[in-house]
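A.B. asks: Any chance you could fold what I've pasted below:
(2 chains)
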Amino acid sequence: MQDITARTSFASKQLLLEVRNISQRYQTGSGELGPAVLDDVSLNLKENEIVGLLGRSGCGKSSLLRIVSGLVFPSGGEVSYLGQPVRGPVDGVAMVFQSFALFPWLTVLANVELGLRAKQISKDEARRRALKAIDLIGLDGFESAFPKELSGGMRQRVGFARALVVHPNILLMDEPFSALDVLTAETLRTDLLDLWVEGRMPIKSILMVTHNIEEAVLMCDRIVVLSSNPGRIAAEIGVKLHHPRNRLDPEFRQLVDRIYALMTKPQAPVSPGRDGAFPGLGFGMTLPRVSTNTLAGMIEEIAAEPYMGRADLPALADSLQMEVDELFPVAETLQLLRFAEIEEGDIKLTLAGQHFAEADVDVRKKLFGDHLLAYLPLAARIKLVLDERPTHTARAVRFLEELEDYMSEDYADRTLKSVVNWGRYGELFAYDETSETFSLENPQ
Amino acid sequence: MLSRFVAFTSLGRKALPNQYDLFAFAFIFAVFIAITRASHGLSLPLSAPESTAVSLEYKLLPYYALRTALRMFAAIAASLVFTFVYATLAAKSRRAALVLIPLLDVLQSVPILGFLSFTVTFFLGLFPGSILGAECAAVFAIFTSQAWNMAFSFYQSLRSVPRDLIEVARGFGLSWWQRFWQLETPFAMPGLIWNMMMSMSGGWFFVVASEAIAVGDTTIKLPGIGSYLAVAIEEKRIDAVFAAIITMLAVIIAYDQLLFRPLVAFGARFRVELSAGQTQEKSLVAQVFARTHWMRVLMHGPAELFHAIALLRMELPVRTSASVPQSPALSRLIDIVWVALVGLATIWAGWLIIDYIRQELSWSDVRQSVLYTIFTMVRVILLMALATVVWVPVGVWIGLRPAVAEKVQPLAQFLAAFPANVVFPVAVVLILKFSLNPDIWLSFLIIFGTQWYILFNVIAGASAFPNDLKEAVSNFRIRGWNWWKNVIIPAIFPYYVTGALTASGGSWNAAIVAEYVKWGNDTVAAHGIGAYIAKATADGDYPKIVLGVAVMSIFVIMFNRLLWRPLYGLAERRLRLD
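C.D. replies: As a prediction, the model looks like this:
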């Protein structure tokens, strides 16, 4: 273990991990290689730094973490750890999971010991190291508890202890705090940072994935912002603030605002002429699952005091208690349907959006339906097919198969479900779940 | 809650049979034919092993009960080993799964006593002149009643191990052996235990049926309750029949208290859930184990040994933890070779079957067996309908009253485990006495042992009906037919399907015993495929056994695919309350 002076005084830091030109593709529903999830990503990890991978859901940041850890093999490019190419799980890398991923049938102690015992480390030695890790992470007294008896925060502490006990050089963290409530997450972050700053953890550096901008600014020395579809490095930002960092510090706020702007910037060069921030173009656009109630609620929120039609996204996220991952899909759906525009980290209602905010239910539904037809090619297509057919019915499979040419089965399914919900609200068509059929008539 | 544990092989698969189903069917029956041919080659008639005389003395009953129970445990041990190997192979290898899962599907549909007819001569031939062959045949018959759905349950669990737990296991460098014992088996444990216990409940029926075997001229009686009963029937001793019933009751109670409950309570520990379960499975025996000091000391040694074995690395010569994918061209080539091999095996098996049928059977045999299977099917359908009409209202009434349900539920589960064939002689005596029509009155025996599955599942469903819905229902004053149609039937439907599925499978199996019963020298037989197979077995007419079993299997497969699968799908999709 190193002391604090050692941590700061060495200028030449050892290169731990090198990620070179990684790309990753998955199969689409029709069995062919789909669009890239990750495209030409290169990244280095040196000693004594916390690097954050920041991006929205679907930008491939979790895939990247799994490639780094050797759990998944990339379609292209190479990862090397201490100069050796990674071709499977590596000994010096340990991961902490969003879902904690504890074995429910093992006690806290047995969970922590497992990694050591698997490597045939003697029982006494494993016990000694496990108790030390448990002590370090603040789990004293819980050794014989089962995970289901623990709160979320305590479970994630077990996750940390389990990772630290194998003395990894690199600690990988996959959104480790996002399944926790706000207070618990903050406590855990602070505890972890304290241990890190004091050099009490047996690790050399941390690579973490997050979609929480403030979290990234709070914890990381370097933030790598990934763009979505395909995942590419959009920007790399060094954070020079001293620990402990203060969220209210103007410098901190500025940095948060800057990253918000970066992440909402339209990615013109990637795919020119696109209709929104969603992956794919036109018909083959994947849609997020956003409820029409949320959309309407968001329009009302922006239209009302104190925003009066224009809101700063970080402030909006704060007041609505929404994470970036929840907020962005809503904002971008509004943008796609031309109810709002996003620019420089701000969201602004369009005329139609203002109109929607003031209208009553029936007018809102009509307006929403009109905008769906005008700006959402998939909705327009379903409506067209239904209009043209004498029976005015169409099976969902038909559209699903078309969608699967552009995206994976899961995404196609989600996209169609979104259109069904939005179309129902806009009264464009009816959908019968049992027979999986679209029709024009509403049930009598 | 019960529906999570259903191991029904047809469920995950397409309704229409594909080429692999064809392979599975052809392969299994080709093996049957090969076995009967091989047994023919042995010098028949087999010298019946030194027959252990079964006496009707009451004081021997505890000993017989013990022998019967031991047979049961031998079968469960064999089923566990089979499950671990077969299911793991199917779950780990995509190519193996293509073949192994359809095989399970067909095997699950083959009537269990059909296996007995084939295998008894085979096993006798393996150990000439020894009782061991017959023991093996009996254990094998019980094995066939348990192994398939245990294997399928295990396979399903292996396929649904959470991805993050797999990543933990790989990331921390667990070897395949460690992963199997530390992650996969514990994860599969609740489903496996539940299926094992359910299979054992069903298994008592077959253990009783398989102890006294008469194939052609060979008659074997293994010491056990089943043989005791058979002798009682031969000698027309109704008092001995009742003694056997009482002994069986005691055995089932012991099994329930000493094994079922402790194991289910033990299995609860392995459930993957976020919070401590609301329902705590209690078991007196498990508590005794946990709280008694010397018991813990006694268990310490074996537990430590198991942990040590589970932590061995058992590295395979080929390192499998690397995540580098195989080259697609090579993978494709292996695929082609594999499909070709399966195709060749199918052709060979098909040829064997056609050749056999041409030599040994005529078309009229086929027509007759199909007709008889239709008779049996009508019986199963009518009786299932009857049991539904009777037990659904009763189950709902009980389930909505927690105090009653608490008392009745164990009783219903107990009745489901009780081997109905033990009480068959009583029914035969009544039929003979009043000269009733066997085609009608024997039918009730088919459903006699299996109707309880419907009852206890419906009770479970009605008990699980959420309280807020109950309040909404009384708030809106939904009553009468409207209440049945829109409230309670949809609510219990998934549970009902689970129970009816089990009951229907059990009924087909029971038909072989129930349609052809004896009392002394009197034989009462109904027209049906069960009687057809039973009679062919008694006559040692192998071609007819093969034919009867094959036709029945086809019907059971169709029944599962065309009726239960869609119903189950409906229940899963539309009517789940959680």
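A.B. asks: Give me every residue in the stretch 51-200 of chain A lying close to chain B.
C.D. replies: Residues of the stretch 51-200 of chain A found near chain B (C-beta under 8 Å from any C-beta of the partner chain) are A:66, A:69-73, A:87-89, A:91, A:93-95, A:97-99, A:101, A:103-106, A:114-115, A:117-120, A:146, A:148-149, A:162, A:166. All C-beta spots, glycine's among them, are computed from the backbone N, C-alpha and C.
A.B. asks: make it 6 Å
C.D. replies: A:71-73, A:87-89, A:95, A:97, A:99, A:101, A:104-105, A:115, A:117-118, A:148 (C-beta under 6 Å from any C-beta of the partner chain).
A.B. asks: Can you list the low-confidence ranges for chain A?
C.D. replies: A:1-12, A:27-34, A:266-281, A:442-444 (pLDDT under 70).
A.B. asks: what about the residue nearest to the spatial centre of it, which SS state?
C.D. replies: Centroid-nearest residue in chain A: A:Ser57, 3.4 Å away (criterion: C-alpha atoms, centre = their mean). Following DSSP: H, G, I helix; E, B strand; the rest coil, the label given to A:Ser57 is coil.
A.B. asks: residues contacting it?
C.D. replies: A:Asp325 (C-beta atoms under 6 Å, 6 or more residues apart in numbering or on different chains).
A.B. asks: Any idea how many residues pack against B:Ala427?
C.D. replies: When neighbours are defined as other C-beta atoms under 10 Å in any protein chain shown, B:Ala427 has 20 of them.
A.B. asks: How about it, nearest residue that isn't a chain neighbour?
C.D. replies: Spatially, and ignoring its direct neighbours in sequence, B:Ala427 is nearest to B:Leu445 (5.9 Å; C-beta to C-beta, 6 or more residues apart in numbering or on different chains).
A.B. asks: what do you get for A:Asp249?
C.D. replies: Going by C-beta to C-beta, 6+ apart, A:Asp249 has A:Leu241 as its nearest residue, at 7.1 Å.
A.B. asks: residues near the one you found, how many?
C.D. replies: 14.
A.B. asks: so when I look at it, I'm seeing a helix, right?
C.D. replies: No - using three-state DSSP, the assignment for A:Leu241 is coil, not a helix.
A.B. asks: And the helices in the stretch 151-300 of chain A, which stretches?
C.D. replies: A:152-164, A:182-197, A:213-219, A:250-264, A:292-303 (DSSP state H, counting those that start in this stretch).
A.B. asks: mind listing the strands for the stretch 201-350 of chain B?
C.D. replies: According to DSSP state E, counting those that start in this stretch, the stretch 201-350 of chain B carries its strands in the segments B:212-215, B:218-221.
A.B. asks: Using neighbour counts, trim the residues of the stretch 51-200 of chain A next to chain B to the buried set.
C.D. replies: Neighbour counting by 16 or more other C-beta atoms under 10 Å in any protein chain shown classes A:71-73, A:88-89, A:95, A:97, A:99, A:101, A:104-105, A:115, A:117-118, A:148 among those as buried.
A.B. asks: Can you pick out the most distant pair from those residues?
C.D. replies: Longest distance between any two of these is 34.0 Å, between A:Phe73 and A:Lys148; criterion C-beta to C-beta.
A.B. asks: Would you tell me which residues of the stretch 301-444 of chain A are close to chain B?
C.D. replies: Taking C-beta under 6 Å from any C-beta, no part of the stretch 301-444 of chain A reaches chain B.
A.B. asks: from the stretch 301-444 of chain A, which residue is nearest to chain B?
C.D. replies: A:Thr434 (7.1 Å; C-beta to the nearest C-beta).
A.B. asks: is it fair to say that residue lies in a strand?
C.D. replies: No - A:Thr434 sits outside any strand when classified using three-state DSSP, being coil.
A.B. asks: For it, which non-adjacent residue is closest in space?
C.D. replies: A:Thr434 sits nearest to B:Arg574 (C-beta to C-beta, 6+ apart), 7.1 Å away.
A.B. asks: where does the one you found fall, phi/psi-wise?
C.D. replies: phi -100, psi -30 (degrees, to the nearest 10).
A.B. asks: What is the burial count for it?
C.D. replies: When counting by other C-beta under 10 Å, one arrives at 12 neighbours for B:Arg574.
A.B. asks: Next: B:Arg561.
C.D. replies: With other C-beta under 10 Å as criterion, B:Arg561 counts 19.
A.B. asks: ok, how many other residues are close to residue 314?
C.D. replies: Unless you meant another one, I'm taking chain A. A:Pro314 has 20 nearby residues by other C-beta under 10 Å.
A.B. asks: that's the other chain; I wanted chain B
C.D. replies: 12.
A.B. asks: who are the neighbours in contact with it?
C.D. replies: Contacts here follow C-beta under 6 Å, 6+ apart; on that basis B:Met314 touches B:Trp177.
A.B. asks: swap in A:Val420?
C.D. replies: Here A:Val420 is in contact with A:Tyr431 (C-beta under 6 Å, 6+ apart).
A.B. asks: Let me know the helix or strand that it is in.
C.D. replies: helix A:409-425 (DSSP states H and E).
A.B. asks: And that helix, what's buried?
C.D. replies: A:411-416, A:418-425.
A.B. asks: Equivalent analysis for stretch B:223-241, please.
C.D. replies: For stretch B:223-241, using 16+ other C-beta under 10 Å, the buried residues are B:223-234, B:237, B:240-241.
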